[in-house]
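Participant: sequence first, then the predicted structure:
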Amino acid sequence: MNTEKPLFGFMTVPLIWGYIAIAIFMAGDGFEAAFLSKYITDIGFSEAQSGFVFTVYGLMVALSAWCSGVVAEIITPQKAMFAGFAIWVAMHIFFMIFGLTYHNYWMMVIFYGIRGLGYPLFLYSFVVLVIYNVDKLQISNAMGWFWAAYSVGFGVIGGFLPGFINPVIGEYNTLWMSLGWVIVGGLIALITLHNARTNREKANLTFKEKTAELGQAITILFRNKNISMAALVRIINTTPLFGFAVVMPWFLVGKTSQDHGLGFSKTEWQNIWTLFLFVTIFTNILWGILADYIGWLRQVRWVGCIGGVFACFSFYYIPITYGHNIWMAMIPAILFGITVASFMPMTAIFTTLEPHHKGAAVSIYNLSAGLSNFLGPAIATTAVPFLGVGGAIGIYMGLYVFAALLTLLIKVKQPSKEDRIKFRENGTESEYDQIILEN
């Protein structure tokens, strides 16, 4: 345990700066989320081509997310964060110069795709650092604040500022501005987290041992069916989120093959997107606390999955019904911000299902989060040309129903409040893991 006295219950000063760095870094990464898909079509490419750019990007994000947990352990989280930072900066510059500047489609696909390796390596390596630096019983609380910092950056700052900046300097220059935010966030992390506590035991393994450790993140899927089902639930958790970032600009602002724009401006859509992510700042923390009282799986099932069905439906039905009405269009954004954050207990579920292999469990969690980044745009790309936006949203709703059914099959023993108090005061980490297995 870190000998530095924690602040606010669990955070040391380096971790506080780490959360700030995450918010700033992800703000730069999020600048493009609400407008890049539309911008690519505006400069002459088809919606299918635009969707393919995001699909390749999402695949690279998924690969990086899966590797990040184990990579952070075998080279240290700080080095892994630096690698992610360097990849993002270099590939973004190449994407802007060789892709967008010259309207070279395959350069866009290649460099934007490779850039997808960067932010998960930076982001999820910090999660490993958090695990090393906080009390084991505070990880859920720390993760709530982690996702809140993510939402502040990626959602509020990253979503809000482009709505005001784009009309002044244009989308192209806004994409260059995002580079500055990422550089600032990356440098803050590298400077302030340099001396944060880390476990160098696995960093000293041989190459063969490190390869075997990396393989652990695959084999766990085959030997633990509960982890496999939890992975599917986590994939579905944010699949509509990343899908909406691609679909909704087409639906509200532009035209698709079967649906017409409803008269919203780009700025109005970006404000709707920002509102959604602004809500998640508070709901991430709220659901992280309430899950201990409601029950992890019960909360995921009824609020996240069933509630998510209605939230997705409202994203289509309300704009279709009320047309260009910005206030009504904000209702589904609020509903979705409430439901998507209620999956917060999934981190605790994964590590509880594999208490003796938490690193591998976190890697599968990261892989699942990354796959949702791939699956969301992939559904949009393949479904919209044939089924329209309504059909794509219907698929997202069906996935939430499937996830709700899976939660009925997952067997996880959530420790009671009394057990938590008992082992916080008197127990060791191994004893706490044992009570989880036997409770």
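Facilitator: Happy to help now that I have it.
Participant: switch to C-alpha atoms for all contacts and neighbour counts from now on
Facilitator: Noted.
Participant: so what does the closest residue to residue 95 other than its chain neighbours look like in phi/psi?
Facilitator: Distances taken as CA to CA, 6 or more residues apart in numbering place residue 111 nearest to residue 95, at 5.0 Å, with adjacent residues excluded. When read as degrees, to the nearest 10, the backbone of residue 111 gives phi -80, psi -40.
Participant: so what pLDDT did residue 111 get?
Facilitator: Residue 111 is assigned 97 on the pLDDT scale.
Participant: gap between it and residue 26?
Facilitator: According to CA to CA, to the nearest Å, residue 111 and residue 26 sit 19 Å apart.
Participant: and the longest helix for this protein?
Facilitator: Counting residues, the longest helix in the chain under DSSP state H turns out to be helix 358-407.
Participant: could you give the mean pLDDT of that helix?
Facilitator: 90.
Participant: between residue 111 and residue 26, point out the one with more neighbours.
Facilitator: residue 26 (28 against 22; other CA atoms under 10 Å).
Participant: got the contact list for that one?
Facilitator: 119, 150, 153, 154, 158, 182 (CA atoms under 8 Å, 6 or more residues apart in numbering).
Participant: helix or strand for it, which one?
Facilitator: According to DSSP states H and E, residue 26 maps onto helix 13-30.
Participant: for residue 414, what are phi and psi?
Facilitator: Residue torsions, per degrees, to the nearest 10, at residue 414 are phi -80, psi 120.
Participant: repeat that for residue 408.
Facilitator: According to degrees, to the nearest 10, residue 408 has phi -70, psi -20.
Participant: number of residues surrounding it?
Facilitator: Neighbour number of residue 408 under other CA under 10 Å is 11.
Participant: same question, residue 134
Facilitator: 21.
Participant: let's verify residue 410: helix, strand, or coil?
Facilitator: Classification of residue 410 using DSSP: H, G, I helix; E, B strand; the rest coil returns coil.
Participant: what about the residue found closest to it once you drop the neighbours it is linked to in the chain, which helix or strand?
Facilitator: Leaving out its chain neighbours, the residue that sits closest to residue 410 by CA to CA, 6+ apart is residue 226, at 5.3 Å. Residue 226 belongs to helix 225-248 when assigned by DSSP H and E.
Participant: may I see the buried residues of whichever helix or strand comes after that helix?
Facilitator: Where DSSP H and E defines the elements, the next helix or strand beyond helix 225-248 is helix 266-294. Within helix 266-294, the residues scored as buried using 16 or more other CA atoms under 10 Å are 266-289, 291-292.
Participant: of the contacts of residue 26, grab the buried ones for PyMOL.
Facilitator: Listed next is the PyMOL selection for buried residues among the contacts of residue 26, using 16+ other CA under 10 Å:
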select buried, resi 119+150+153+154+158+182
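Participant: and which of the contacts of residue 26 is nearest residue 133?
Facilitator: Taking CA to CA as the measure, residue 133 sits nearest to residue 150 out of the contacts of residue 26, at 18.8 Å.
Participant: ok, now which ones touch that closest one?
Facilitator: 22, 23, 26.
Participant: now with 10 Å, please.
Facilitator: Neighbouring residues of residue 150 by CA atoms under 10 Å, 6 or more residues apart in numbering: 19-27, 30, 123, 144, 156, 277, 280-281.
Participant: against residue 106, how distant is it?
Facilitator: Counting by CA to CA - residue 150 and residue 106 are separated by 30 Å.
Participant: looking at the contacts of residue 26, which are in helices?
Facilitator: Using DSSP H, these in helices are 119, 150, 158, 182.
Participant: tell me how far the closest residue to residue 216 other than its chain neighbours lies from residue 74.
Facilitator: Excluding the flanking residues, the one nearest residue 216 by CA to CA, 6+ apart is residue 360, at 6.1 Å. Residue 360 sits 12 Å away from residue 74 when distances are taken as CA to CA.
Participant: check residue 279 too.
Facilitator: Applying CA to CA to residue 279 and residue 74 gives a distance of 36 Å.
Participant: one more: residue 292?
Facilitator: Taken as CA to CA, the span from residue 292 to residue 74 is 32 Å.
Participant: which ones are touching the residue nearest to residue 275 when sequence neighbours are not counted?
Facilitator: What sits nearest to residue 275 in space, not counting adjacent residues and going by CA to CA, 6+ apart, is residue 333, at 6.5 Å. Counting by CA under 10 Å, 6+ apart, residue 333 makes contact with 271-279, 311-312, 314-315.
Participant: could you redo the last one with a cut-off of 8 Å?
Facilitator: For residue 333, the contacting residues are 272, 273, 275, 276, 311, 315, by CA under 8 Å, 6+ apart.
Participant: ok, the residues you listed vs residue 302, which is closest?
Facilitator: Looking across the contacts of residue 333 and measuring by CA to CA, the closest to residue 302 is residue 311, at 12.4 Å.
Participant: fine by me, thanks again.
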